[in-house]
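Participant: Predicted coordinates and the sequence they were generated for:
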Amino acid sequence: MISGKFAITLHILTLLSKFPDEYLSSEFLAGSMNLHPVLIRKEIANLKKHNIVESKEGKNGGTRLLRPAEKINLDDIFKMTFEKVTLGYSKNDPNPDCPVGKNINNKLDELYDEINKKISTELSTISLTEFSGKF
């Protein structure tokens, strides 16, 4: 299902790209999004796992980009936040004796795979630098 993780992660990375030589605190990042810093730290942990950011602790601590923003595209960010987008499935198991019911989930999977390919193709053409240039 669609969640706000991509938007949160992109917001974090856009801010970091605006201050490439600075360590930004989770409080500063959270303030820009009106979120609790703990939620920001969870996303930062995921970004660290993917070697996109580095963090340091202490009074002057925070997070900064490890890679140049022009070498990060929005598809990279998308794939760090989702395995794939789905628009959902029925909560009930479909009737296997119905010609639609027995095939609906397979057909939805095919549709969602196509949607994900299109999303990936489009996002791969936009760098973090290009996106952050809009602000």
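Facilitator: Arrived safely, thanks for sending. Nothing here was measured: the structure is a model prediction, and the numbers come from that model. Numbering: from 1, shown residues only.

Participant: When you work out contacts or count neighbours from here on, use the C-alpha atoms and nothing else.
Facilitator: Will do.

Participant: Need the outlier residue of the chain, farthest from its centre.
Facilitator: Within the chain, Asp97 marks the point farthest from the mean C-alpha position, 39.1 Å out by CA atoms, centre = their mean.

Participant: dump the residue contacts of that one.
Facilitator: Asp97 makes no contacts at all, as judged by CA atoms under 8 Å, 6 or more residues apart in numbering.

Participant: before we move on, what about Ser17?
Facilitator: 65, 69, 128-129, 132.

Participant: again, only this time at 7 Å
Facilitator: 65, 69 (CA atoms under 7 Å, 6 or more residues apart in numbering).

Participant: residues of the strand or helix carrying it that come out buried?
Facilitator: Per DSSP states H and E, Ser17 falls inside helix 5-18. Across helix 5-18, burial judged by 16 or more other CA atoms under 10 Å covers 5-6, 8-17.

Participant: Report pLDDT for the residue farthest from the centre of the chain.
Facilitator: Looking at Asp97, its pLDDT stands at 94.

Participant: cool, and Gly4?
Facilitator: Per the predicted model, pLDDT is 84 at Gly4.

Participant: distance of it from Met33?
Facilitator: Distance, Gly4 to Met33, by CA to CA, to the nearest Å: 12 Å.

Participant: who has more neighbours, the two?
Facilitator: Met33 (14 against 9; other CA atoms under 10 Å).

Participant: Dump the helix or strand of the chain with the lowest mean pLDDT to PDB, restricted to CA.
Facilitator: Least confident helix or strand of the chain, by mean pLDDT, DSSP states H and E, is helix 74-81 with a mean of 92. In PDB, the C-alpha atoms belonging to helix 74-81 read as follows (Å, rounded to 0.1, in the frame of the first residue of the first chain):
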ATOM      1  CA  LEU A  74      14.300   9.500  -7.200                       C
ATOM      2  CA  ASP A  75      14.000   5.800  -8.200                       C
ATOM      3  CA  ASP A  76      16.900   5.000  -5.900                       C
ATOM      4  CA  ILE A  77      15.000   6.700  -3.100                       C
ATOM      5  CA  PHE A  78      11.700   5.000  -4.100                       C
ATOM      6  CA  LYS A  79      13.300   1.600  -4.000                       C
ATOM      7  CA  MET A  80      14.700   2.300  -0.500                       C
ATOM      8  CA  THR A  81      11.300   3.000   0.800                       C
END
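
Participant: Alright, I will stop here.
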